[in-house]
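Visitor: I would like to see how this sequence folds:
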Amino acid sequence: MKLFNSVKSQIVTATSLIIIVILGATAYFVIDQKTKEINQDIFTKAVSFAELTHERVVNNYEHNYLQQAFANFDRELAEIHSLNEDIEGLSILNYAGETLYADGAIKERQLQVSDADLERIQALLPSVKVNKSGRVVYLEKADNEIRSINFNGRVVEPVGNTEQIDDIYFPFRDPNNAVRSYTIHYFVSYGALFTRIQDTAMNIIVMAAFGIIIALFVGGLVAGKITAPIHMLTAGAEKIGAGNLKTRIEVKSESEIGKLASTFNQMAQDLEESTKAKIEKEKLTRELELAGEIQRELLPHEIPKTDKLDIAVSLSSATEVGGDCYDFIRTKNNELLFYVADVTGHGVPAGLVAAISNALVPAFLETLSSTEEIIVHLNRLLKAKTRPNVFITMVMGLWNSEKSLLTYTQAGHDPIIHFSAATQSVSDLKTGGMALGMVDEIRQITHSESLTIEEGDVIVLYTDGIPEAWENEKETYGMERFRKSVKKHSGLSSAQEIHDAILRDVRSFMGSYPQADDITLIVAKRTA
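Guide: Presented below is the predicted three-dimensional model:
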């Protein structure tokens, strides 16, 4: 009887049970590894196939299909399909998202193009859509490597070997012919995956069946002697799982089971204490998330349309609650007032000051008409209502479309960057003033400046999260890179394109290094 007081001796006696576990684990591991291997193989080959064949598909379409040489077209397309059995079919779309051609096998799947699909069709980079999550990953080739990015150019997780893709959108752009623009839509099939996995699984099942039969026979002889105390532990665990954290187990044994029971009781005690701490932590986390949601709701949901000025804006917080804010407000004189501000620090205190500022500025507009007066009055209230060590920098502009005139007031904020289309040069507009909330009165040092914005000019307002973005622990993005990026991209046709291109430069510089500060970017381009 003493032989069975040792869990080790029981395990040795019940080796057959271990066989079941080993066989099951081996089968799972082999099938899992095989699935991942085939998944990755199908994805890699599908992307390579799209890259190698998209020009051939376009040439076949133009030289044969449009010329009504359908026999040549079908023969060429069949040869293309034979290169990869995992491509279920393809379709050809124009830049507007209209289907020009679709394989017979997939015509029924050619549904109306959604806004998300149109975004992929008109993108300059190929993209894939993950089956279950529905996330879209754009593929950018750089230095002979393919990077996975989102639509805004931010590096994202690549398609993993446990994921499957629905399709590939691969663009074809002819730089010599602006009209000749297509996107090839490849539909990916994983039928081969299931066939190969099924064959592997059948082989494992046949091998495992014989071992399981023997294991069940041997395991049944000893199971009764080792499961009784385990049942007690299981029952105790179920009670704890149901919420009774005061549950304790009494096992009178000198074996490892007895030691396990003592450990279980200690665990139950520790769990009871840690659960209380976890509840408080979750409550705090939820409150921070809620504060972040409220802060985002205070930001403008859309930019008021104004003549002669195309505007794009974004805000990316480094934490749940950030210290950046901005707003666009139509004045009673039909001018557009806008600003960007940066509160010292992060978290709830900074978020509250940002929210207060966003609420006060529209209220001031009821009685004040100049950016200078608004800045002065906002400073008085912030000084009276906020802590001494909390202050906010701000730059506020007022756009008059009839005069093409920008009037702005600085309050210790980073300078506005101005790109002149006439001279193709970039300069910093005059800065000055003092951060709000530091002293009671700033009227004497607060002044407004004016600038006529010519057609094609670009102005950029931002927070210091851009020039202070880190590539590593030693180097930041800096103003020199920032100005070069503004100059490089200001020739793009819209403010949104300029905005996205600048952020792509910043994100590319940062790589995988974590964002240390909030990033807010406003780009405005003077139109005709």
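
Visitor: what about the closest residue to Leu193 other than its chain neighbours, neighbour count?
Guide: By the measure of CB to CB, 6 or more residues apart in numbering, the closest residue to Leu193 outside its immediate chain neighbours is Ile38, 4.9 Å from it. (C-beta placed from N, C-alpha, C; glycine too.) Using other CB atoms under 10 Å, Ile38 has 20 neighbouring residues.

Visitor: and Ile38, what helix or strand is that in?
Guide: Using DSSP states H and E, Ile38 falls within helix 15-60.

Visitor: could you check the angle helix 15-60 makes with the next helix or strand after that helix?
Guide: Sequence order places helix 70-81 as the next helix or strand after helix 15-60, per DSSP H and E. Angle between the axes of helix 70-81 and helix 15-60 is 150 degrees (criterion: axes from the mean of the first three to the mean of the last three CA atoms, to 10 degrees).

Visitor: And helix 70-81, what does it pack against?
Guide: On a contact count with 3 or more CB pairs under 8 Å, 6 or more residues apart in numbering; DSSP states H and E, helix 70-81 meets helix 15-60.

Visitor: Packing partners of the helix it packs on?
Guide: Under the contact definition 3+ CB pairs under 8 Å, 6+ apart, helix 15-60 sits against helix 70-81, strand 87-94, strand 165-173, strand 181-188, helix 191-241.

Visitor: For the second one, which strands pair with it and how are they oriented?
Guide: Strand pairing for strand 87-94, using DSSP bridges, gives strand 99-102 (antiparallel), strand 181-188 (antiparallel).

Visitor: Which positions within that strand qualify as buried?
Guide: Ile87, Glu88, Gly89, Leu90, Ser91, Ile92, Leu93 (16 or more other CB atoms under 10 Å).

Visitor: Which residues are in contact with the first one?
Guide: Right, the one you point to is Ile87. Ala46, Phe49, His81, Tyr186, Phe187, Val188, Ser189 (CB atoms under 8 Å, 6 or more residues apart in numbering).

Visitor: and if we set it to 7 Å?
Guide: By CB atoms under 7 Å, 6 or more residues apart in numbering, the contact set of Ile87 is Ala46, Phe49, His81, Tyr186, Phe187, Val188.

Visitor: How far does the helix holding Ile38 sit from its chain's centre?
Guide: The chain centre lies 26 Å from the centre of helix 15-60; the measure is CA atoms, centre = their mean, to the nearest Å.

Visitor: and if you look at stretch 123-141?
Guide: Per CA atoms, centre = their mean, the centroid offset for stretch 123-141 relative to its chain is 12 Å.

Visitor: hmm, back to that, closest to Ala501 out of the strands paired with strand 87-94?
Guide: Among these, strand 181-188 comes nearest to Ala501, with 19.8 Å by CB to CB.

Visitor: who touches the closest one?
Guide: The contact list for strand 181-188 (CB under 7 Å, 6+ apart) reads 42, 46, 50, 54, 57-58, 86-95, 106, 109, 121, 165-173.

Visitor: Taking strand 165-173 as reference, get the angle to it.
Guide: Using the same axes, to 10 degrees, the direction of strand 181-188 lies 160 degrees away from that of strand 165-173.

Visitor: Use 122 as the first number for this chain going forward.
Guide: Got it, the first residue is 122 from now on, which makes the last one we talked about strand 302-309.

Visitor: Give the rounded mean pLDDT of strand 302-309.
Guide: Averaged across strand 302-309, the pLDDT comes to 92.

Visitor: Work out the gap between it and the centre of the chain.
Guide: Its chain's C-alpha centre and that of strand 302-309 lie 24 Å apart, by CA atoms, centre = their mean.

Visitor: about what we covered before: name only those of the contacts of strand 302-309 that count as buried.
Guide: Buried among these (16+ other CB under 10 Å): 163, 167, 171, 175, 178-179, 207-214, 216, 227, 242, 286, 288-293.

Visitor: Can you pull the domain assignment for this protein?
Guide: 134-315, 366-419, 421-647 (automatic domain parsing).

Visitor: Please work out which of these is packed deepest.
Guide: Stretch with highest mean neighbour count among the domains of the chain: domain 421-647 (a mean of 18; mean count of other CB atoms under 10 Å).

Visitor: gap between the two ends of that one?
Guide: 21 Å (CA to CA, to the nearest Å).

Visitor: about what we covered before: closest to Gly281 among the buried residues of strand 208-215?
Guide: Out of the buried residues of strand 208-215, the member with the shortest distance to Gly281 (by CB to CB) is Ile208, at 20.8 Å.

Visitor: Mind listing the residues bridging to the closest one?
Guide: Residues in beta-bridge contact with Ile208 (DSSP bridges): Val309.

Visitor: what's the spacing between it and Leu173?
Guide: Per CB to CB, to the nearest Å, Ile208 is found 12 Å from Leu173.

Visitor: hang on, the earlier thing: for the contacts of Ile208, give me CSV that also has distance to Val627.
Guide: Below are these laid out as CSV (distance: CB to CB, whole Å):
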residue, distance to Val627
Ala167, 32
Phe170, 34
His202, 42
Tyr307, 32
Phe308, 35
Val309, 33
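
Visitor: quick one: low-confidence parts of the stretch 322-471 of the chain?
Guide: The stretch 322-471 of the chain contains residues with pLDDT under 70 at 329, 332-333, 336-354, 366, 372-379, 382, 400, 402-417, 419, 467.

Visitor: residue ranges of the helices in the stretch 322-471 of the chain, please?
Guide: Along the stretch 322-471 of the chain, counting by DSSP state H, counting those that start in this stretch, helices occupy 377-419, 468-485.

Visitor: Could you export the helices and strands packed on helix 136-181 to TSV, including columns for distance to Ile143?
Guide: As requested, the helices and strands packed on helix 136-181 are exported to TSV (distance: least, CB to CB, whole Å):
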stretch	distance to Ile143
helix 191-202	44
strand 208-215	39
strand 286-294	34
strand 302-309	36
helix 312-362	9
